[in-house]
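Undergrad: turn this into a model:
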Amino acid sequence: MSVVIISGTGTEIGKTVVTSAIAAAALAAGRSVAVLKPSQTGVAPHEPGDAAEAVRLAGPAVTAVELVRYPEPLAPDTAARRSGLPTVSPAEIARAAERLSADHDLVLVEGAGGLLVRFDESGHTLADAARLLGAPTLVVTQAGLGTLNSTELTAEALRARRLTALGMVIGSWPRQPDLAARCNLAGLPAVSGLPLLGAVPQGAGGLDPEAFRRASPGWLAPALSGTWTPESFLTAWPA
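TA: Take a look at the predicted model:
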């Protein structure tokens, strides 16, 4: 598993923090890591984007690559059209990931929003890049009410396209989870058919980077170079 696609069930659910945690855990396990952000939106030319945030949190050993950037916080195809800047194609994304995988043990390709957000005027999405790469997709999802539907839809979209789903990670686990969040720990795997591979605590991105790096393996399952187990987590938060 040298390339992993990281997609969300929506926007603002913790993809970048999860990507950073995976990178930190992999580095701690002695692996070399690159983070590829195909399309960065809503960031000015000289502002740090999501790939730079992964370097800040996971450490300077991470190689960060961004293919295109648009100033407005919109879907990539809309942002490209409004800015007059070129779009990025699935083939370009795949080539960039393959180049990085030649000299990195792990390449994390972080999408924009959900799996089917459009990258160009032809309707290509992150799913098309995943198909070209033959890479598994990790789904970052929410904890609370409404997540069962969006997560199941994402899992169905992956299966409909015959793409491999690695599993899912909760992007922001509440400090004081309500009944819906606790019940969803069992409900998410049941409705999606995907294994739960971790839960990153709410506010993790605001930690001191050294503390973030030390804690990251404890948020992720062994499949993601961590030590977290769903059994212990379920016990800690009974429904």
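
Undergrad: next secondary structure after whichever strand or helix holds residue 156?
TA: Using DSSP states H and E, residue 156 maps to helix 147-160. Moving toward the C-terminus from helix 147-160, the next helix or strand (DSSP H and E) is strand 165-173.

Undergrad: which secondary structure elements does that following strand contact?
TA: helix 15-28, strand 137-141, helix 147-160, helix 179-192, strand 196-201 (3 or more CB pairs under 8 Å, 6 or more residues apart in numbering; DSSP states H and E). Just so you know, the C-beta spots here come from the backbone N, C-alpha and C atoms, and that holds for glycine as well.

Undergrad: could those go into TSV alongside mean pLDDT, mean neighbour count and distance to residue 65?
TA: Output for the helices and strands packed on strand 165-173, formatted as TSV (pLDDT from 0 to 100; neighbours: other CB atoms under 10 Å; distance: least, CB to CB, whole Å):
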stretch	mean pLDDT	mean neighbour count	distance to residue 65
helix 15-28	98	27	13
strand 137-141	98	28	18
helix 147-160	97	18	24
helix 179-192	96	18	30
strand 196-201	97	24	23
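
Undergrad: switch these over to a markdown table; also include distance to residue 226.
TA: Formatted as a markdown table, the helices and strands packed on strand 165-173 follow (distance: least, CB to CB, whole Å):
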| stretch | distance to residue 226 |
| --- | --- |
| helix 15-28 | 5 |
| strand 137-141 | 13 |
| helix 147-160 | 20 |
| helix 179-192 | 17 |
| strand 196-201 | 6 |
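
Undergrad: the helix holding residue 156 - contacts with which helices or strands?
TA: Looks like helix 147-160 contacts strand 137-141, strand 165-173, helix 179-192 (3+ CB pairs under 8 Å, 6+ apart).

Undergrad: excluding its backbone neighbours, what's nearest residue 230?
TA: residue 196 (4.8 Å; CB to CB, 6 or more residues apart in numbering).

Undergrad: ok, back up a step: so which of the helices and strands packed on strand 165-173 is nearest residue 214?
TA: Residue 214 lies closest, by CB to CB, to one member of these: helix 15-28, at 8.5 Å.

Undergrad: strand 165-173 and that closest one, what's the angle between them?
TA: When axes from the mean of the first three to the mean of the last three CA atoms, to 10 degrees is applied, the directions of helix 15-28 and strand 165-173 differ by 110 degrees.

Undergrad: report the buried residues of whatever helix or strand comes next after helix 15-28.
TA: Counting by DSSP H and E, the next helix or strand C-terminal to helix 15-28 is strand 33-41. Buried positions in strand 33-41, judged by neighbour count with 16 or more other CB atoms under 10 Å: 33, 34, 35, 36, 37, 38, 39, 40, 41.

Undergrad: same question for stretch 158-174.
TA: 158, 163, 165, 166, 167, 168, 169, 170, 171, 172, 173, 174.

Undergrad: is it correct that the first one is in contact with residue 165?
TA: This points to residue 158. Yes - with contact defined as CB atoms under 8 Å, residue 158 and residue 165 form a contacting pair (4.8 Å).
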